[in-house]
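J.: no sequence for this one, just the structure:
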C-alpha cells in the first residue's frame with residue numbers, strides 16, 4: 001500500500017526523561033491515513049509512554065509532535081483531542097456514575113460542539129441520541145444503555161470506551177492494548193470494530209499490543225521499541241522475520 005503524501009501524525013526525535021532514565025529516546029516516525037501501525041516491544045520498552053507523548057498526556061523533554069504537518073508539541077491532551085487525536089486507554093477512563101448512554105452522549109455532544117448540559121432536556125436533541133445509540137449498537141451494548149458504568153464488567157467498560165472513541169470521530173485513533181482484561185468471548189467484538197474502521201481506509205490507527213495473534217490479524221506495519229528507542233519499522237512479515245525481533249521481542253518463531 002502506498003502511503004498518502006503527507007503523514008497525519010509524526011514524531012521527530014521525540015524523547016522524555018524521568019530523572020536519569022530515558023523512557024523514550026529520539027523516536028522519529030510517520031503515521032499515515034489508511035494504515036494501521038502496531039507498536040510492540042518488551043515490558044518497559046516505552047510503548048505506552050510514546051503513546052502518552054503523542055496524545056498529550058505527557059510533555060516531551062525534547063523533540064516534536066506534528067499533526068497534519070503542524071507542530072502540536074506544546075498542546076495538552078484536550079487540545080489534541082479537539083484537533084483530531086482520539087485515545088482509548090489501557091485503563092478505562094469513563095464517568096462511573098453516569099449511564100452507558102450518557103457517557104457516549106457526552107462524546108457525541110463534544111463532537112457536535114454543542115454546549116448543552118448533560119442534565120438538560122435531551123428530547124430536543126433526538127439526533128444526538130440516535131447517534132449515541134448507533135455507536136452503542138456497534139459495540140453490542142445497546143441493551144445496557146441505561147446501566148451505570150460502575151456496574152459494568154471490565155470487558156464492557158473497554159467496549160464502551162471504544163464506542164466513545166468512535167463517537168468522537170477522530171482522524172487519528174490510538175488504542176492501548178484494546179483487548180486487555182477481556183474474556184475470550186468479548187475480544188472478537190472489539191477486534192471486529194477495529195477491522196471495520198481499518199477497512200474504511202480514512203483513519204490513521206495506532207495500537208500498542210502484546211498478543212501476537214492480534215498483531216498478525218490487524219497490522220499493516222509494525223514498529224518495535226526497546227529501551228525507549230525504535231529498533232525496527234516495516235511491514236509485518238519483514239519485522240516478524242527479523243532475528244533480533246524474534247529472539248528479543250516477539251519470542252521464538254514457534255511461540256511468537
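T.: Perfect, thanks for sending it. Keep in mind the model is a prediction, meaning the values are calculated, not measured.

J.: what segments of the stretch 101-250 of the chain are strands?
T.: Secondary structure of the stretch 101-250 of the chain (DSSP state E, counting those that start in this stretch): strands at 172-176, 204-208, 221-226, 229-234.

J.: can you redo these as TSV with mean pLDDT, mean neighbour count and distance to residue 140?
T.: C-beta here means a position set from N, CA and C on the backbone, and glycine is covered the same way. Formatted as TSV, those follow (pLDDT from 0 to 100; neighbours: other CB atoms under 10 Å; distance: least, CB to CB, whole Å):
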stretch	mean pLDDT	mean neighbour count	distance to residue 140
strand 172-176	94	24	17
strand 204-208	96	24	20
strand 221-226	93	23	29
strand 229-234	93	18	35
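
J.: in CSV: these, plus distance to residue 16.
T.: Output for the strands of the stretch 101-250 of the chain, formatted as CSV (distance: least, CB to CB, whole Å):
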stretch, distance to residue 16
strand 172-176, 16
strand 204-208, 16
strand 221-226, 13
strand 229-234, 12
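
J.: among the ones you listed, which is nearest residue 32?
T.: Closest approach to residue 32 among the strands of the stretch 101-250 of the chain is made by strand 204-208 (6.3 Å; CB to CB).

J.: how far does the closest one sit from the chain's center?
T.: 5 Å (CA atoms, centre = their mean, to the nearest Å).

J.: and the angle from that strand to strand 221-226?
T.: On the basis of axes from the mean of the first three to the mean of the last three CA atoms, to 10 degrees, strand 204-208 is oriented at 40 degrees to strand 221-226.

J.: elements contacting strand 204-208?
T.: Applying 3 or more CB pairs under 8 Å, 6 or more residues apart in numbering; DSSP states H and E, we find strand 204-208 packed against strand 36-40, helix 47-55, strand 172-176, helix 187-200.

J.: quick one: closest of these to residue 86.
T.: So among those, strand 172-176 is nearest, using CB to CB, at 5.2 Å.

J.: partners of the closest one in the sheet?
T.: strand 85-88 (parallel), strand 204-208 (parallel) (DSSP bridges).

J.: need phi/psi at the nearest residue in space to residue 84 that is not next to it in sequence.
T.: The shortest distance from residue 84 to any non-neighbouring residue, by CB to CB, 6 or more residues apart in numbering, is to residue 171 (4.0 Å). Note on residue 171: its backbone torsions stand at phi -80, psi -30 [degrees, to the nearest 10].

J.: domains of this structure?
T.: With domains defined by automatic domain parsing, the chain comprises 1-84+170-256, 94-168.

J.: going by mean pLDDT, which of those domains comes out lowest?
T.: Note on those: lowest mean pLDDT is at domain 94-168, with a mean of 85.

J.: what's the end-to-end length of that one?
T.: This stretch, domain 94-168, spans 14 Å end to end (CA to CA, to the nearest Å).

J.: can you check stretch 63-83 too?
T.: Span of stretch 63-83 from end to end, CA to CA: 20 Å.

J.: buried residues, that stretch. List them.
T.: Counting neighbours by 16 or more other CB atoms under 10 Å, one finds that the buried residues in stretch 63-83 are 63, 65, 66, 67, 72, 73, 75, 80, 81, 83.
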